[in-house]
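> any chance you could fold what I've pasted below:
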Amino acid sequence: MTMGEKIQQLRRAAGLSQEQLATQLGVSHQSVSKWERDEVVPDVSKVVLLSELFGVTTDALLKGGEASAAGCEAEDAAPREAQLLQVAHANFAHREILAGFLTAMVGLVLLALEFMFLPTFGAMQKAQVNGQGFYTDFMRYAQMQPMPTIFTITGLVVAAGTLLLLKGLWDKHGGTRLKKQNAE
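Below you'll find the predicted structure:
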């Protein structure tokens with residue numbers, strides 16, 4: 001098995017994308033991609049970081065054979081498991097942050113579109129003012145049903161996305177600090 005195949009196998013086993021691994025190592029995702037395709041070999045400092053991150057020896061990365069957690073000594077099992085758990089936790093927090101951000105942005109875009117098209121919606125509702133025309137004060141139309149319900153639902157989408165984003169940030173930063181304090 002080549003070194004690139006080992007890196008790819010270990011990365012996937014840890015549940016990391018190339019981008020996430022690259023961020024943790026301080027390199028570009030293109031570098032990780034080139035390593036995995038065996039186009040280039042990571043420098044020695046990155047090999048050491050990879051071995052620490054995945055809980056394998058540098059020999060396991062550099063030499064032939066399987067690069068798995070089973071190949072490490074038994075006394076290294078607990079730190080390796082803790083490290084992989086920390087990586088999985090960071091991966092989950094990253095997904096929460098991304099999902100929260102995207103949800104909040106979709107909600108904000110919908111809210112902006114609702115306000116942009118409010119004059120059009122008001123013009124379409126001539127019957128709401130007894131067929132005598134349409135509201136010229138579109139904010140008054142915003143107070144008529146179904147607009148308050150639509151604004152409420154959109155606001156809830158923004159709030160849910162914001163809460164998910166904050167939870168992800170808390171898990172990523174706040175949870176890490178708490179774990180460090182508990183470990184000491």
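> apart from its neighbours in sequence, what residue is nearest residue 160?
residue 103 (6.1 Å; CB to CB, 6 or more residues apart in numbering). Heads up, the C-betas are built off the backbone N, CA and C, glycines and all.
> same thing with residue 147?
Per CB to CB, 6+ apart, closest to residue 147 is residue 141, 6.7 Å.
> can you pull the contacts of the residue nearest to residue 160?
When the contact criterion is CB atoms under 8 Å, 6 or more residues apart in numbering, the partners of residue 103 are 157, 158, 160, 161, 164, 165.
> please repeat the previous calculation with a cut-off of 7 Å.
Residues in contact with residue 103 (CB atoms under 7 Å, 6 or more residues apart in numbering) are 157, 160, 161, 164.
> for it, grab phi and psi.
Here is the backbone geometry of residue 103 (degrees, to the nearest 10): phi -60, psi -50.
> from residue 85, how far out is residue 107?
Distance, residue 107 to residue 85, using CB to CB, to the nearest Å: 33 Å.
> list the contacts of stretch 105-119.
Here stretch 105-119 has contacts from 138, 141, 142, 150, 151, 154, 157, 158, 161, using CB under 7 Å, 6+ apart.
> buried ones in that stretch?
107, 110, 111, 118 (16 or more other CB atoms under 10 Å).
> kindly report the same for stretch 12-28.
14, 16, 18, 20, 21, 22, 23, 25, 27.
> ok, now stretch 150-159?
Buried residues in stretch 150-159 (16+ other CB under 10 Å): 151, 154, 157, 158.
> how far off centre is it?
Chain-centre distance of stretch 150-159: 22 Å, with CA atoms, centre = their mean, to the nearest Å.
> list the contacts for residue 95?
Residue 95 neighbours (CB under 7 Å, 6+ apart): none.
> switch to 10 Å and redo it
15, 20, 164, 168 (CB atoms under 10 Å, 6 or more residues apart in numbering).
> what's the answer for residue 27, then?
Residue 27 neighbours (CB under 10 Å, 6+ apart): 21, 34, 35, 42, 43, 46, 49.
> kindly indicate which of these lies nearest residue 57.
Using CB to CB, residue 49 is the member of the contacts of residue 27 that lies nearest residue 57, at 13.3 Å.
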